[in-house]
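Peer 1: Turn this into a structure:
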Amino acid sequence: MEQKSKFPLLILAFVAGLIFAFGLSLSQMVNPAKVLNFLDLAGDWDPTLAFVMGGALLVTVPAFRFILRLPHPLLSGKFSLPTKRDIDTPLLTGAAIFGLGWGIAGLCPGPAITALASGLLPVFGFVAAMAAGMFVHMALFERK
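Peer 2: Alright, predicted model coming up:
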């Protein structure tokens, strides 16, 4: 059986990543001050990121409905969807850690990686801490 080259898929993934990074930058989701002002409901609240999230949902919800009707994704033989549906302690703990990190730093993983282009030292510190947390999680919970 002949192995197909993954090069075209890598190019496609890279282009999709560039478009996503451009959108994050354009919407200022990479600006921790903008994100923190969005999260500060009692202070100097900035609702503009709600429009960014709403716009994303307007595209994503109909697209998912259409795509999931297909027999398989365009570039794969099968869908890789989560099968676990219960709300358990690991899910709630992870959500709380994510929320606390977002509220403290004003960054989440995608925007943080995009913000590395800014060259700011705190962003590099955040990404390093995020990577360390991922490695600790793998070491503790994903042993096989």
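Peer 1: From now on I want contacts and neighbour counts done on CA atoms only, so please keep to that.
Peer 2: Will do.
Peer 1: residue nearest the centroid of the protein?
Peer 2: The residue lying closest to the centre of the chain (C-alpha atoms, centre = their mean) is residue 110, at 4.4 Å.
Peer 1: thought residue 116 was touching residue 126?
Peer 2: No - counting by C-alpha atoms under 8 Å, residue 116 sits too far from residue 126 to count as a contact (9.7 Å).
Peer 1: List the residues that contact the residue nearest to the centre of the chain.
Peer 2: In this structure, residue 110 makes contact with residue 21, judged by C-alpha atoms under 8 Å, 6 or more residues apart in numbering.
Peer 1: how about it, phi and psi?
Peer 2: Here is the backbone geometry of residue 110 (degrees, to the nearest 10): phi -60, psi -50.
Peer 1: And it, how close does it get to residue 39?
Peer 2: Counting by C-alpha to C-alpha, to the nearest Å, the separation of residue 110 from residue 39 is 18 Å.
Peer 1: now residue 76
Peer 2: Distance, residue 76 to residue 39, using C-alpha to C-alpha: 38 Å.
Peer 1: So which residues of this structure form helices?
Peer 2: For the chain, the helices defined by DSSP state H occupy 7-26, 32-39, 48-67, 89-105, 109-115, 121-141.
Peer 1: Flag every buried residue along the longest one.
Peer 2: Meaning helix 121-141. Residues of helix 121-141 classed as buried by neighbour count (16 or more other C-alpha atoms under 10 Å): 123-124, 126-127, 130.
Peer 1: export the residues you listed to TSV and tack on distance to residue 97 and pLDDT?
Peer 2: As requested, those are arranged in TSV below (distance: C-alpha to C-alpha, whole Å; pLDDT from 0 to 100):
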residue	distance to residue 97	pLDDT
123	18	93
124	19	96
126	14	93
127	15	95
130	11	92
